[in-house]
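1. please work out how this folds:
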Amino acid sequence: MKIKKEFDKSANSYSNYSKVQAIGAKLLVKEAGKDIGNIADIGCGSGRVYKNIKENSIYFNRFYGIDFSKEMLKLHPKEPNIELMVGDFNTISLFKKLEKLELDTIISSSALQWAKNLEWSLRECSKVANRGYFFIFTSKTFKSIHKIAKINSPIYPKESVIEAFTKSFKPNKIELLEYKLEFNNTLDMLRYIQKSGVSAGVNLSYKKMKKILNEYPLDYLEFETLLLTGDSKC
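-> Now for the predicted structure:
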């Protein structure tokens, strides 16, 4: 899987370069509140969600961190009340494991935009937990790069994300959030994309890379995200 390889390669640099992802984790933990019971973090990476939970002294019974990158899981905090597992949110085998855990809360920050079938993955999330909290990038992320390179975004538009979410969750919040991340120059911007682990979403040939270096009109990258919280309908 190409995306998995990108995150494996960028594991050691991910925390330093994933600024918007860090915002997402912080927002989700704030939304989840003070008592989250048994919680599973889908696409837990190096542990941003868990670190925010600890920093805010939020009570939980047991924390399950799931990621398809073994390299990312090596960086996640290790404590007695944490269980880490390799798992893919595109597979039924993961959700069969999760349904045995009596989860109160399922959370996912900056991961489910890579779902092969987002509607299916969210439906499976709703089956295994009472509440869901999601931060998902949408297709207008990197929109100027896509326009110059004449490529389509590999991730879902906001309308598709909202539709998939509301089929399986009764919404408490649906909020569109846009961010701009500034850079000194376009080369630094492209390096950021590579080191943040999202280069699988920007499939650029050398020719297209050169075109972006010469023609990119902005001093920032664009991000469009959705913050989604709700109660399971299942």
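
2. show me where this structure has helices.
-> Along the chain, counting by DSSP state H, helices occupy 2-9, 11-17, 19-32, 48-55, 70-75, 92-98, 118-128, 143-149, 158-168, 186-195, 206-215.

3. what's the closest of the ones you listed to residue 109?
-> helix 19-32 (4.4 Å; CB to CB). For glycine as for every other residue, the C-beta is placed from the backbone atoms N, C-alpha and C.

4. show me what that closest one is packed up against.
-> Here helix 19-32 touches helix 48-55, strand 103-109, strand 129-137, strand 169-182, strand 220-232, going by 3 or more CB pairs under 8 Å, 6 or more residues apart in numbering; DSSP states H and E.

5. looking at the helices of the chain, which is closest to residue 223?
-> helix 19-32 (5.0 Å).

6. and the closest one, how far out from the chain middle?
-> Helix 19-32 has its C-alpha centroid displaced from the chain centroid by 10 Å (CA atoms, centre = their mean, to the nearest Å).

7. residues of that helix that come out buried?
-> 20-29, 31-32 (16 or more other CB atoms under 10 Å).

8. now render these as CSV, adding pLDDT and distance to residue 112.
-> Shown next, in CSV, are these (pLDDT from 0 to 100; distance: CB to CB, whole Å):
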residue, pLDDT, distance to residue 112
20, 88, 15
21, 89, 12
22, 91, 17
23, 93, 16
24, 95, 11
25, 96, 14
26, 95, 18
27, 96, 15
28, 97, 12
29, 97, 17
31, 96, 16
32, 94, 16
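
9. can I get the residues you listed in TSV with distance to residue 77?
-> Formatted as TSV, the buried residues of helix 19-32 follow (distance: CB to CB, whole Å):
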residue	distance to residue 77
20	22
21	17
22	15
23	20
24	18
25	13
26	16
27	20
28	17
29	14
31	21
32	18
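
10. and which of these is nearest residue 172?
-> residue 31 (8.2 Å).

11. let me see the contact set for the residue nearest to that closest one when sequence neighbours are not counted.
-> Nearest residue to residue 31, sequence neighbours excluded (CB to CB, 6 or more residues apart in numbering): residue 229, at 5.1 Å. Residue 229 makes contacts with 31-32, 131-134, 171-173, as judged by CB atoms under 8 Å, 6 or more residues apart in numbering.

12. most centrally placed residue in this protein?
-> What sits nearest the mean C-alpha location of the chain, by CA atoms, centre = their mean, is residue 110, with 1.3 Å.

13. was I right about it contacting residue 134?
-> No: counting by CB atoms under 8 Å, residue 110 stays clear of residue 134, with 9.5 Å between them.

14. picking up where we left off before, right, and the helices and strands packed on helix 19-32 - which one's nearest residue 191?
-> Residue 191 sits nearest to strand 220-232 of all those, at 11.5 Å, using CB to CB.
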